[in-house]
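Engineer: when you get a sec, could you give me coordinates for this:
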Amino acid sequence: MLGLEWSSALEAPNPSEIALTPADARRSWVNRAPESEVLAMYRSVRSVEDAPAPWWLRALDRGRLRSRAEGHAVEDAVSELLSARPGWVFVPWVDLGEVGYWEFVPSESGVYGPATPTTVQFTDSHRGFVHLVAAHRGPGRPQAIDFTVADLRAQIEDIELIA
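Structural biologist: Sure thing, here's the model as predicted:
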């Protein structure tokens, strides 16, 4: 039952419009309920089974973030940068609990045919909280590059040129 309750806590009500940024997608209980309750419930579920969760909640649980607001600030800073640039689109369709990612659409048409586009993803795997995955095609998974928001801001023009 706890797992079912957690799944419900992650689900957002159906929006009238598609989310264009992570902030637009913050409609679920985990984004609105008191942070201490969210963290306590996440830990309870995680103690008995795998628990999908937004990157910022996993980082908060591990002590890498001080608050949910700090995680949202990372998402908002990336959104402010990328939504102002042509070619970047937010993709909200991800696994349950995940936030979504940014895709550089012009990189879909690679030199040798269609490619998986360059993406900017949020992660709890390092304290910069941003992964850059370069455009690629063919089998295998490309390696994510650890970034910070400042790295992304400083290198965005080069990233777009390479893509």
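Engineer: quick one: end-to-end distance for stretch 21-30.
Structural biologist: With Cα to Cα, to the nearest Å applied, stretch 21-30 spans 17 Å between its terminal residues.
Engineer: I meant stretch 127-143, not that one.
Structural biologist: Distance between the two ends of stretch 127-143: 17 Å, counting by Cα to Cα.
Engineer: now do it: everything it contacts.
Structural biologist: 55-56, 59, 64, 71, 74, 78, 104, 107-108, 110, 112-123, 125, 144-149, 151-152, 159, 162-163 (Cβ atoms under 8 Å, 6 or more residues apart in numbering). Every C-beta, even on glycine, is put in place using the N, C-alpha and C of the backbone.
Engineer: now, of these, which are buried?
Structural biologist: 55-56, 59, 64, 71, 74, 78, 104, 107-108, 115-123, 144, 147, 149, 152, 159, 163 (16 or more other Cβ atoms under 10 Å).
Engineer: just to revisit the earlier point, next step: the contacts of stretch 127-143 restricted to helices.
Structural biologist: The members of the contacts of stretch 127-143 that map onto helices under DSSP state H are 55, 56, 59, 71, 74, 78, 149, 151, 152, 159, 162.
Engineer: quick one: least confident helix or strand in this protein?
Structural biologist: Confidence across the helices and strands of the chain bottoms out at strand 113-114, with a mean of 65, counting by mean pLDDT, DSSP states H and E.
Engineer: list the contacts of the residue nearest the centre of the chain.
Structural biologist: In the chain, the residue lying closest to the centroid (Cα atoms, centre = their mean) is residue 122, at 3.7 Å. By Cβ under 8 Å, 6+ apart, residue 122 lies in contact with 22, 55, 56, 74, 75, 78, 99, 101, 129, 130, 131.
Engineer: at 10 Å what do you get?
Structural biologist: 22, 54-56, 59, 71, 74-75, 78, 98-102, 129-131 (Cβ atoms under 10 Å, 6 or more residues apart in numbering).
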